[in-house]
Each structure stands twice: as structure tokens, then as C-alpha cells.
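In: What follows is a protein structure lacking sequence information:
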Ligand SMILES: N[C@@H](CCC(=O)N[C@@H](CS)C(=O)NCC(=O)O)C(=O)O
């Protein structure tokens, strides 16, 4: 790496820091989640995952990425798809549950949410492997296709739904890993980083607001898995429900169409249940509809 006068090291943070030629992991970076971060993948301990009575076994936590899937399950059940019953198990990412061998076998990327579907084995009657599904967008698509629900069957409607689903999967890390990390979790406030990601977060909010000015839902006239992917992040940000006072910092109340959509989704009974799943302050585990009582 060259350091000419345009980038004097004394302007770096910390002052004088110059990236070495080869990065090595010498110490934790500090801040929330630093204790679980390592530069390597794979299992760190031997532990099996629990399996309940339903075909769908969800291993998750009530974060925005986790909520996407529990909201879809609750929407499917609300719409009368009784075969969408599921067991939702609490994965404590702060304690490193995602690095247990059982979890890693389901998701080699060690992130919630992860799903195991035993239905194909039950249907075949043979000892075939259950289907593993990881990445929240993949899980939403898998379930929407399995039940032919919340995903339009016509080509334009299906494409528009997947457009916005993929938009969320690509945009979300800039909001979460970018803005959220530097605004809330980083052990020091870095103006450059916060400015960069606040700018991007606001640009994304404007993308949504402009789209929702002309569309009731993300894919047009119908509520789909695209809304379920986007709402836990951007809807809840608009409603001041994530990242402390980030809603104020980003002036979320200015995005009127986003506000209307966020409230519309929040009012759905299945969404109200879905956000409680796998939360210590909600329903830590979910095995039956009666658990919500
Ligand atoms: N792209 C993934 C992201 C999932 C993700 O980042 N999950 C976080 C919680 S919201 C996690 O499990 N973090 C644990 C870790 O990084 O070790 C998805 O959408 O499923």
C-alpha cells in the first residue's frame, strides 16, 4: 500500500494507522458482537439441533432477518395453510449457537434464520435427507413456492416480487452491517463511516418511498414475500423500532408513503405474531398457535 501526501497517516483513525501488507487477526475489534466474530468458518463445537413434531423446523432469532420467516409462517397459517405448522427454536447468536455442528450442517454460513423441511422425507417414506434451506430470501422463496402463496403466479408479478426480494437481500447489509453497525454497535463513532452509510440508508428509504407512492405493496396490488422481507428492516426503521433513535437521525417521518405502508403491514395479525417469535422478550420458542396465548 502506498501512502502519498493525499492520504497522510495522521489523518487515519487511529492517527498514524497504516494497513499492513497482509491482514492478520490479532485481537477482537471491540463493540457488540466482536466476541463471536472470527475470520474463519465452520463448526466450533459439537451439538445437535433439536427437532420438534412439525415438518418445518426453524432455527432462528427475532432479529429483522429472523422475523421475515416467522412472519411468513404466521401469514401462511392465518391464510389457512394448516400444513405450514412449524417449530421455531431459539438460536442465541450472542452465545455462539450458530457455530454448533448441527447448525452449521444446515447453514454453512452460520447465520440465522435456517430451516429444515422434513416433509419430503415424510412424503417419500424413505430415509432421504430432509431439505435444508438457508438465507432468509431463499427460505421465503422456498415456502412461497411450496405453498403457492404470497408469490404471484403470473410472470410480471412473480418477477416484480423477486426483484424486490433480491433488492432487500442486497440493500439490507448496507443498512444493517453498514449504517446500523457504525451508528449503534461500533465501539467508536466514526463520522466518515456514519455519513457514508446514513447517506445510503436515506437513499434506500427514498427508493422505497417513491415506489410506494404509486404502489400499495412492494410488488403492486398484492401483499407478497417482498413486503415480508422489506418490512422487518425498513418498515420497522420507519416506525422507530430499530437502532435506538436512528429513526430520528434519518428523519424517517418525512417518508410519508413508506410510513403508510409500514403501518399497514404492522397492523396485520400475522405480523404481530411473527415479530414475537424467537425473542427473549416475546415467544422464545414457538411450537403451536396456542403458544401465543
Ligand atoms: N443474508 C443472511 C443474513 C443473516 C444474518 O446476518 N443473520 C445474523 C442475525 S440478523 C446472524 O445470524 N449473525 C450471527 C453471526 O454473524 O455470527 C440472511 O438474510 O439470511
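Out: Happy to help now that I have it. All of these numbers come straight from a predicted model, not from anything done at the bench.

In: Would you mind measuring from the closest residue to residue 265 other than its chain neighbours to residue 195?
Out: Residue nearest to residue 265 in three dimensions, not counting chain neighbours: residue 231, with 4.6 Å by CB to CB, 6 or more residues apart in numbering. C-beta coordinates here come from the backbone N, C-alpha and C atoms, glycine included. Distance, residue 231 to residue 195, by CB to CB, to the nearest Å: 27 Å.

In: Neighbour count: those two, which is higher?
Out: Remark: of residue 231 and residue 195, residue 231 carries more neighbours, 28 against 11, as counted by other CB atoms under 10 Å.

In: And that one, how close does it get to residue 138?
Out: From residue 231 to residue 138 the distance is 18 Å (CB to CB).

In: Residue 65 against residue 112, yeah?
Out: Yes - the pair residue 65 / residue 112 is scored as a contact, 6.6 Å apart, by CB atoms under 8 Å.

In: So which bits of this structure are right by the ligand?
Out: Residues of the chain found near the ligand (CB under 6 Å from any ligand atom) are 36, 63, 65, 93, 98, 110, 111, 112, 113, 135, 136.

In: So which of these are in helices?
Out: Among the residues of the chain next to the ligand, the members falling in helices (DSSP state H) are 65, 136.

In: how about TSV for the residues of the chain next to the ligand, with pLDDT added?
Out: Listed next are the residues of the chain next to the ligand as TSV, based on pLDDT from 0 to 100:
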residue	pLDDT
36	87
63	98
65	98
93	97
98	98
110	98
111	98
112	98
113	98
135	98
136	98
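
In: of all the residues of the chain next to the ligand, which comes closest to residue 282?
Out: Closest approach to residue 282 among the residues of the chain next to the ligand (CB to CB): residue 63, at 12.0 Å.

In: residues near the closest residue to residue 205 other than its chain neighbours, how many?
Out: Excluding its sequence neighbours, the residue lying closest to residue 205 (CB to CB, 6+ apart) is residue 255, at 5.2 Å. By the criterion of other CB under 10 Å, residue 255 has 23 neighbours.
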